[in-house]
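> got a sequence here, can you build the structure:
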Amino acid sequence: MSIQRRALLGAGLAAAALPFARVEAAAPFVGRGAPAWYRFRFGDYEVTVVSDGALPLGKAEDSFVGAGPGEVNAMMRAALLDPANALLEQNAVILNTGRHLILFDTGMGDSMGAASQMFGPTTGRLLRNMRAAGIDPAQIDFVVLSHAHCDHCWALVDAQGNRNFPNAQVAISEADLAYWTNDANIRGPAFMEPFIRGAQKNLNAYRDRMVMVRDGAEVVPGVTAISAPGHTVGHTIYAIASGPRVLVYTGDLAHHHILLLQRPLLEFSFDTDPKVSAQTRARLLERFATDQPQVLSYHFPWPGLGNVVKAGQGYAWVPAPMDVTSLG
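The predicted structure follows:
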């Protein structure tokens with residue numbers, strides 16, 4: 001037994017010997033937490049981060065590949081994380097510019113029935129958390145997609161195919177729209193067929209109101225698309241500017257705040273082109289560490305807001321302090 005543990009146990013036994021009044025807690029466990037949303041001001045804008053719930057990947061070494069034997073597990077343990085349960089967050093962003101109310105990515109939803117729970121029952125919570133945050137989905141006038149994977153676009157419609165955002169246009173790269181709605185791409189890994197079918201159902205429902213994003217061009221005033229290919233063919237991140245301040249919504253540029261920052265050239269098993277994805281990630285992380293915009297990552301620990309800094313041969317994630325002025 002360590003010295004620290006012996007000391008703690010000794011202190012506990014000494015305290016137990018003192019007389020005390022018997023107190024019993026009769027209240028039952030509640031069994032659920034608060035709705036997950038977080039709101040803060042960014043320049044002239046208001047940003048609300050809304051959780052779609054946790055997305056468990058299972059064994060880290062099955063999804064993050066390219067390291068030596070045991071390296072991924074060692075990196076997870078060094079960060080006090082369970083290598084057998086790589087857990088990602090899903091941080092959707094709602095930006096109110098005063099002119100537009102923009103949702104960046106939609107989460108998993110329930111549009112594809114049982115397939116919507118391919119990662120378990122903890123996803124698909126975006127709409128209820130939006131409403132808890134005081135935002136009606138009908139208020140959204142733009143849904144801006146980083147890409148067309150299931151956890152980013154499958155809540156565009158409900159299980160019956162009805163639009164969840166009836167007044168919204170949908171912005172996506174032309175390359176991703178073409179790729180993920182094409183039957184010819186149903187090949188390779190088993191997940192490709194449900195990914196294609198889900199993208200078809202969700203994206204085709206908005207075909208009459210699509211906006212194609214272009215690298216370096218504004219989607220709406222203050223929001224600029226930045227091509228970041230590899231995770232998908234048309235994966236796009238977005239720079240949100242208000243005055244001199246810049247916040248970059250990075251989508252799936254990096255899925256894990258430890259593994260893919262410390263080792264940017266590791267590969268992720270759901271990447272369409274893992275080599276291109278790794279090079280894109282390394283290039284943009286270097287840019288973020290140099291220019292120091294704030295970063296909001298879809299999959300980093302809640303609420304996904306912070307900065308990227310240089311650390312050794314890689315990078316580290318520095319979470320932003322919570323904006324206490326936004327709390328009720």
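> and Ala225, backbone torsions?
phi -80, psi 140 (degrees, to the nearest 10).
> can I assume it is in contact with Gly216?
Yes. Using CB atoms under 8 Å, Ala225 makes contact with Gly216 at a distance of 7.0 Å. Just so you know, the C-beta spots here come from the backbone N, C-alpha and C atoms, and that holds for glycine as well.
> comparing the two, which residue is more hemmed in?
Ala225 (22 against 10; other CB atoms under 10 Å).
> state the distance from the closest residue to that one other than its chain neighbours to Ile226.
In this structure, Ala225 finds its nearest non-sequential neighbour in Val213, 4.1 Å apart by CB to CB, 6 or more residues apart in numbering. Taking CB to CB, to the nearest Å as the measure, Val213 and Ile226 are separated by 10 Å.
> show me which of the two is the more surrounded one.
More crowded of Val213 and Ile226, by other CB under 10 Å: Val213, with 25 against 18.
> which ones are touching the more buried one?
With contact taken as CB atoms under 8 Å, 6 or more residues apart in numbering, Val213 is in contact with 144, 171-173, 219, 225, 236.
> residues that sit against both of Val213 and Ile226, list them.
Counting by CB under 8 Å, 6+ apart, the common neighbours of Val213 and Ile226 are Thr236.
> pretty sure Arg214 contacts Gly234?
No. The criterion here is CB under 8 Å, and Arg214 misses it with Gly234 at 10.6 Å.
> what about the two, which has more around it?
A count of neighbours by other CB under 10 Å puts Gly234 above the other of Arg214 and Gly234, at 25 against 14.
> and the pLDDT at the more buried one?
pLDDT recorded at Gly234 is 98.
> identify the residues contacting it.
Neighbours of Gly234 in contact, by CB under 8 Å, 6+ apart: 147, 172-177, 179, 227.
> from Ala159, how far off is it?
From Gly234 over to Ala159 (counting by CB to CB), the distance is 27 Å.
> could you do His299 as well?
In this view, His299 and Ala159 are 25 Å apart by CB to CB.
> how about Lys59?
Applying CB to CB, the value for Lys59 to Ala159 is 31 Å.
> who has more neighbours out of the two?
Ranked by neighbour count (other CB under 10 Å), Lys59 and Ala159 place Lys59 first, with 15 against 12.
> continuing past the helix or strand hosting Ile240, what's the next helix or strand?
Element membership for Ile240 (DSSP states H and E) is strand 236-242. Sequence-wise, the next helix or strand downstream of strand 236-242 (DSSP H and E) is strand 245-249.
> and the strands in the stretch 51-200 of the chain?
In the stretch 51-200 of the chain, the segments counted as strands under DSSP state E, counting those that start in this stretch are 55-56, 64-65, 87-88, 91-96, 101-104, 142-144, 169-173.
> how about JSON lines for those, with mean neighbour count and distance to Val49 added?
Listed next are the strands of the stretch 51-200 of the chain as JSON lines, based on neighbours: other CB atoms under 10 Å; distance: least, CB to CB, whole Å:
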{"stretch": "strand 55-56", "mean neighbour count": "18", "distance to Val49": "15"}
{"stretch": "strand 64-65", "mean neighbour count": "19", "distance to Val49": "24"}
{"stretch": "strand 87-88", "mean neighbour count": "18", "distance to Val49": "15"}
{"stretch": "strand 91-96", "mean neighbour count": "23", "distance to Val49": "5"}
{"stretch": "strand 101-104", "mean neighbour count": "25", "distance to Val49": "10"}
{"stretch": "strand 142-144", "mean neighbour count": "25", "distance to Val49": "15"}
{"stretch": "strand 169-173", "mean neighbour count": "23", "distance to Val49": "19"}
